[in-house]
Structure formats: C-alpha cells, structure tokens
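Novice: Build me a structure from this.
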Amino acid sequence: MYLSINPENPQPRLISQVVDCLKQGGVIIYPTDTTYGIGCDIFNRKAVKKIFQIKQRDSRKPFSFICKDLAEISNYAQVSNFAFKIMKRHLPGPYTFVLEATKIVPDSLSTRQKTVGVRIPDNHICHAIVQELGHPLVTTSANISGEKTPADPYEINQHMGRVVDIIIDGGISMDEASTVISLLDDKIDVLRQGCGDTLWIEQA
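Specialist: Have a look, this model is predicted:
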C-alpha cells in the first residue's frame, strides 16, 4: 500500500492506519529527517526478522530505533547526565546516539556489548507514528545493505513495494544517513559521519 501523508500536518486517520498495520506485525517504509527508513514495532520479533531478510543484513548488526522523546529513550538506554545534555541539545535531529541498553530492549536490537542506537528524527510523520504506537519504531535505511537509499519514495516503491506492507510518501528525503555518535562512558566518539554536523563536539 502506498500512502501520501502530509509531512507538516500528518492526517490522523492515515497515521492510525499505519499504526494498526504495525501492531499487526507489518513492516513499513517511512520518511525521517535523513533518508527514508524501513521499520516495524520493536517488540514484534517476526517483523524484525523480516527486515533483516529484506535488507539482506547480518543479524549480528542490530538496527537502531526511534523514540518519541528523551523520556522514552531513558526507558531503553542508560542515560547519564552528560548524555542527556548532549541529546537534549541535538534532538530532534539527524543523529543516532549509541548508549548502554536497558533490560527492556529486545535482544535482536542490542549488540553483544548490550548497546543500542536511538534516534528522535525532526520529522512530524515519525513523531506521530511513535506517539500513537506507544513505544519505539525500528529504523534502518530503506535499501539493501550496502546500496544507496533513493530519496524519492516513488523510486523506493518501485524497488521495495512488494516486500513491505506500507510505503509512506512524505516527500523527497535527504540522500545521506544520520550521524552516529557513541556516548558510552561519557565520551563522544563519532562512529559514522552523516548529515548531522559534528563541529560542536570540539566545544562539548
């Protein structure tokens, strides 16, 4: 199913339709403030496994997930005062922060070192989905691992429309992924440079 959702004022009826799909184990493709993402309910193991298969991704490389706010992040990750200040300053935004996972995180979404990647994109559609879902949404770029993610949802639909349940058209996206930053042990370590700038790290 291909749904056009207003990126500034997401239609509640369409958001409810997406969330109903997620609650039934569906896999969706949706816009973020960086590339389009592919995701599902973090607590649906079959759906998470399906995304690994779609992406052709090594199951030892877990996905990140989207939270609605910092309070929700603190349920799924150990957030020190240092990490909280950094994230409060830069979220919502084009960053994925790596933190120590809490016990509530499903094993499929944490590393062997029990760390997780968390995001709060600056995107109204994302926020509306996780707000209504009531817990985080898996996020990973909407592509086959190692390939470029198209910025145009119509092009994504041509490639992946048959393997997911819903593709949300929220306009043309960025063509670069988020910047991934580890905040483990209260140290800032850039793991991947993406579209979030890192000039602020020198003053942190």
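Novice: Might you report the residue contacts of the residue nearest to G170 when sequence neighbours are not counted?
Specialist: Nearest in space to G170, with sequence neighbours left out and distances taken as CB to CB, 6 or more residues apart in numbering, is P31 at 3.5 Å. Yep, even glycine has a C-beta here, placed from its N, CA and C like the rest. Neighbour list for P31: P7, G37, N123, I125, C126, P153, I168, G170, G171, S173 [criterion: CB atoms under 8 Å, 6 or more residues apart in numbering].
Novice: now those: which count as buried?
Specialist: Among these, the ones that count as buried by 16 or more other CB atoms under 10 Å are G37, N123, I125, C126, P153, I168, G170, S173.
Novice: This structure: strands as residue ranges?
Specialist: All strands of the chain, identified by DSSP state E, fall at 2-4, 28-30, 37-39, 64-66, 77-78, 95-101, 115-119, 137-141, 166-169, 179-182, 189-192.
Novice: Next, the angle from the longest one to strand 137-141.
Specialist: For strand 95-101 and strand 137-141, the angle between their directions (axes from the mean of the first three to the mean of the last three CA atoms, to 10 degrees) works out to 130 degrees.
Novice: Starting from strand 95-101, tell me which strands it pairs with and how they run.
Specialist: strand 77-78 (antiparallel), strand 115-119 (antiparallel), strand 179-182 (parallel) (DSSP bridges).
Novice: And for the fourth one?
Specialist: Its sheet considered, strand 64-66 pairs with strand 115-119 (parallel), strand 137-141 (antiparallel) by DSSP bridges.
Novice: From the contacts of P31, pick the one nearest I104.
Specialist: C126 (20.7 Å; CB to CB).
Novice: quick one: Y154 and G171, what's the gap?
Specialist: Distance, Y154 to G171, using CB to CB, to the nearest Å: 11 Å.
Novice: wait, T139
Specialist: 18 Å.
Novice: Can you check the distance spanned by stretch 138-158, start to finish?
Specialist: End-to-end distance of stretch 138-158: 22 Å, with CA to CA, to the nearest Å as the criterion.
Novice: Give me the contact list for that stretch.
Specialist: Outside stretch 138-158, the residues that touch it by CB under 8 Å, 6+ apart are 2, 29, 31-32, 35-42, 47-48, 51, 54-58, 63-66, 109, 119, 159-160, 167-175, 177.
Novice: Mind giving me the ChimeraX command for buried ones among these?
Specialist: If you want just the buried ones from these in ChimeraX, going by 16+ other CB under 10 Å, the selection is:
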select :29,31,32,35,36,37,38,39,40,41,42,47,48,51,54,55,57,63,64,65,66,109,119,160,167,168,169,170,173,174,177
